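1. Coordinates for the following, if possible.
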Amino acid sequence: MVKVVVTGAAGRMGSRVINVIKETDGVELVGATEQRGSRFVRKDSGEVAGIGKNGIPISDDIAGLTKDYDVIIDFTSPSPSLEHIYEAVEENKAIVVGTTGFSREQMEKIKDLSKEIRCVLSPNMSVGVNVMFKVIRDIAKVLGDDYDIEIIEAHHRMKKDAPSGTALKIAEIIADSLKRDLSKVGIYTRRGVIGERGREEIGIQAIRAGDIVGEHTVIFGGLGERLEIIHKAQSRDNFARGAVKAAIWIIQQPQGIYDMQDVLGLK
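-> Residues are numbered from 1 along each chain as shown. Model prediction:
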C-alpha cells in the first residue's frame, strides 16, 4: 500500500487528487495539509473533497503530520512547494510536484535538492499532454525552419502564472528540437507596428477566462498549409490520475528528478 500526503488539499487540484486516491487500489491517503490561516484547517479532508468523512483532518503543518507515509503529492504554489520538498528531504520521502511558476533560482534549488530525494516534477501530469510533448518534438524536427510556430494556451481566470508551465514546456521542447535559444526567440506579446515575423520566433500567448480547465494549441504554419496539435482538458481528474500514477511509480526509483515522460516510459 502506497501511503500519500496531499498538500493543498482544499484546492482545485488537491481535492481531485483525494478523490482519485479513494478510487485507486493500492493507494491510501494518510495526511492532508493547507496553508496557515485557511478556513479548511482542522476540517475533514474527505468532506472538503466531497467524498464524505474519511477521518483525515487537514493540518497547516506538514512537519507535524504522521511520518508513516511514502510520498507527498503537491499542487500548491512555488514557495510552499519548496518547503514541502525540503520536508521530503528531511524525512527521506518521495514527492510529486505539479506546481508551476517557479523562478529560475527556485528551479536551481529544486535540482540541487533532488539529488537527495526521489522527485517527479512536471508542469502537466496528463497522459495526453505528455504524449503531445513527445509528438511535437518529432514534428518540429521534420518541419524544421520552414514553418512558423505559435503556442496558444487558455486557462481559468484564477490561474496566477502566465504563460502556463505546460506552454513553456512545449516551447522549450520545440526550441531544443530546432536548436534555438528560447530566451532569444520566445515572443510573449505583440502590439503595434512590429514588422515582419522573425523566421525563428516561437510565439507563446496566454488567455485567461472563466473556468477553462486548460487548453493548449501548437500551430505549425507553413505556406499553403497549417498543422495544429490541440489538447483540451475537460476536467482536472486527468491531472490527478497522472499525479497518483506518478506517486506509485516514484517510490520504486533511485534518487533524482524525473518528469511524466519518465513515468509513462515515453523517453
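
2. going forward, measure contacts and count neighbours with C-alpha atoms only.
-> OK.

3. Just list the residues touching residue 175, thanks.
-> By Cα atoms under 8 Å, 6 or more residues apart in numbering, the residues touching residue 175 are 181-182, 202.

4. Give me the secondary structure label for it.
-> Judged by DSSP: H, G, I helix; E, B strand; the rest coil, the three-state class of residue 175 is helix.

5. change the start of the numbering to 743 and stick with it
-> New numbering, starting at 743: the last item is residue 917.

6. Okay, helices next: where are they in the stretch 793-942 of the chain?
-> Across the stretch 793-942 of the chain, reading from the start of the chain, the helices by DSSP state H, counting those that start in this stretch fall at 820-833, 846-855, 869-885, 907-919, 924-927.

7. could you dump those helices to TSV with distance to residue 771 and mean pLDDT?
-> Output for those, formatted as TSV (distance: least, Cα to Cα, whole Å; pLDDT from 0 to 100):
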stretch	distance to residue 771	mean pLDDT
helix 820-833	16	94
helix 846-855	25	92
helix 869-885	22	96
helix 907-919	27	96
helix 924-927	40	96
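
8. Please work out which of the ones you listed is packed deepest.
-> helix 907-919 (a mean of 20; mean count of other Cα atoms under 10 Å).

9. Distance from the chain centre to that one, please.
-> The gap between where helix 907-919 is centred and where its chain is centred comes out at 13 Å by Cα atoms, centre = their mean, to the nearest Å.

10. Send me that helix as CSV with only the CA atoms.
-> Once non-C-alpha atoms are left out, helix 907-919 reads as follows in CSV (Å, rounded to 0.1, in the frame of the first residue of the first chain):
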residue,chain,number,x,y,z
GLY,A,907,4.1,25.8,-17.2
THR,A,908,2.8,23.5,-19.9
ALA,A,909,3.1,26.2,-22.7
LEU,A,910,6.6,27.0,-21.5
LYS,A,911,7.5,23.3,-21.6
ILE,A,912,6.1,23.0,-25.1
ALA,A,913,8.2,26.0,-26.2
GLU,A,914,11.3,24.5,-24.5
ILE,A,915,10.8,21.2,-26.3
ILE,A,916,10.4,22.8,-29.7
ALA,A,917,13.3,25.2,-29.2
ASP,A,918,15.5,22.3,-28.2
SER,A,919,14.4,20.3,-31.2
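
11. Report the helix or strand with the lowest average pLDDT across the chain.
-> One helix or strand of the chain scores below all others by mean pLDDT, DSSP states H and E: helix 846-855, with a mean of 92.
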